[in-house]
Structures are given as C-alpha cells and as structure tokens.
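>>> Sequence first, predicted model second:
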Amino acid sequence: MHKLAFNPSVELPVMEAFYTIQGEGVFSGQAAYFIRLGGCDVGCVWCDVKESWDANKWPLTSISSIVDEALKFPARLAVITGGEPLMYDMAALTTSLQKVGFVVNVETSGAHPVSGSWDWVCLSPKKFKAPLPEWYAHANELKVIIYNNSDFKWAEEHAAQINKNCKLLLQPEWSKQEKVTPLIVEYVKNNPKWGISLQTHKYLNIP
Ligand code: SF4
C-alpha cells in the first residue's frame, strides 16, 4: 500500500459518483451507483479516464458522506471503480456500504493487494502492471480487454490461473471495437468458456 496523505478508513479521493446503468460485465443492464476514486499508477495507453490518475486532483470525501450520497438513489448496488481503487485500503468504504444494504462490486486491475469486503470482484488485468496472484482466487469475473490479436493468448494466461467459478469475459477496447469485435465473436464461438462483454453504456450514450 502506498504511503498516503490521508486515512482511507475515514476519507477517499472521489473523482465522481453517479447513478447510472452498469454497462459492462455480468451485472450489465442493472442500475448501480458508481463511485470513481481518483488515483491510478497502472498507466494503460488506451485509458479512457486518464484524468483519474492523479489522486491529488480530487476532493477527499468522508466515507460517511459517500454512503449518504449513495443512499439518495433507489438501487442498492454500488460499483467501486477508478482509477485503481485498490491503491487504498477498501475495508471501511465497503463495509460501510454493506452495513446499509448495498451489494458492493469492484472493478480492479488487481495490481495492488486485496483489501475490502466485496460481493463481486471484476478483475480486469492490464498489461502495463500485472495483477498480483492473490486476485485470481478472489475474482468472480475475469474481464479481459481485447485491443489486438495477441491479447487472446494473454487472456488465456490469466484464465489458466483463475478460480474455477470465475466468469470469463472478453471485451473489445472501445477505440478498436470495429476491428476486434468480429475477432472476439469468432474466438468465443471456438472457445465457449468465454463470453463477450460490451460497453453497452457507450452504445446507450450514458455515463
Ligand atoms: S487501470 Fe483503469 S484507470 Fe488505470 S490506467 Fe488502466 S484503464 Fe486507466
């Protein structure tokens, strides 16, 4: 864990928090409250939230006020994303949300140690900073972003290490989706242990 200028059991840098529809993965189509934490050191070249990388840009927000905001909306599904939320100890945020009735999901690269109490872990490994092996046992969903042909082999390397109950999903990288989606369709037809995840929120034009 990085040395922090704040205490993550009290407050966290929140880049944005909003109520929307989960667009990707197994929970796709469900209303959810997204909490996007600032700070990421993974450095994906195709990252679509590069403004999240510098945690100092985002206001430190108390965990109690994060939870109070989440409670203003009717769904009791919270998705913690980033940035890379696991740069911080997630115990306080996750248990506080669960105490008031939220199912708490995370989207993580797995590049930092496991912390927090999660109902659903979406592990989305990145080439730029490999996941720590401990995440393979925790993942409920392995979501590999396909940017080019070599990513299928890389996806299989992660699948070989993941727990047997984990859902396996391939997702086209948005800027390459026209090129890679047909490759993914063929791949999944030939390798049916995998499924396809689409960024449906981008097609729906919602956040
Ligand atoms: S892990 Fe996520 S937030 Fe971090 S650089 Fe990669 S895509 Fe961007």
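Alright, I've got the coordinates.
>>> Skip the chain neighbours and tell me the closest residue to L86.
Nearest residue to L86 in three dimensions, chain neighbours excluded: H112, at 4.1 Å (CB to CB, 6 or more residues apart in numbering). Using the backbone N, CA and C atoms, a C-beta is placed for each residue, glycine as well.
>>> for the lowest-mean-pLDDT helix or strand in the chain, which positions count as buried?
Scoring the helices and strands of the chain by mean pLDDT, DSSP states H and E places helix 200-204 at the bottom, with a mean of 89. Residues of helix 200-204 classed as buried by neighbour count (16 or more other CB atoms under 10 Å): H201.
>>> The chain should start at 263 in everything you say after this.
Okay, residue one is now 263; in that scheme the one you just asked about reads as helix 462-466.
>>> And that helix, what does it pack against?
Here helix 462-466 touches strand 273-283, going by 3 or more CB pairs under 8 Å, 6 or more residues apart in numbering; DSSP states H and E.
>>> Partner strands of the strand it packs on and their direction?
strand 293-299 (antiparallel), strand 322-324 (antiparallel) (DSSP bridges).
>>> tell me how far the following helix or strand past the last one is from the chain's mean position?
Taking DSSP states H and E as the definition, the helix or strand that follows strand 322-324 towards the C-terminus is helix 325-332. Taking CA atoms, centre = their mean, to the nearest Å, one finds the center of helix 325-332 at 20 Å from the center of the full chain.
>>> Which is the succeeding secondary structure element to helix 325-332?
Following helix 325-332 toward the C-terminus (DSSP H and E): strand 339-343.
>>> In CSV, could you pull the C-alpha coordinates for that next one?
What follows is strand 339-343, C-alpha atoms only, in CSV (Å, rounded to 0.1, in the frame of the first residue of the first chain):
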residue,chain,number,x,y,z
LEU,A,339,-25.8,-1.9,-6.0
ALA,A,340,-22.6,0.1,-5.6
VAL,A,341,-19.7,-0.3,-8.1
ILE,A,342,-16.3,1.0,-6.9
THR,A,343,-14.1,1.9,-9.8
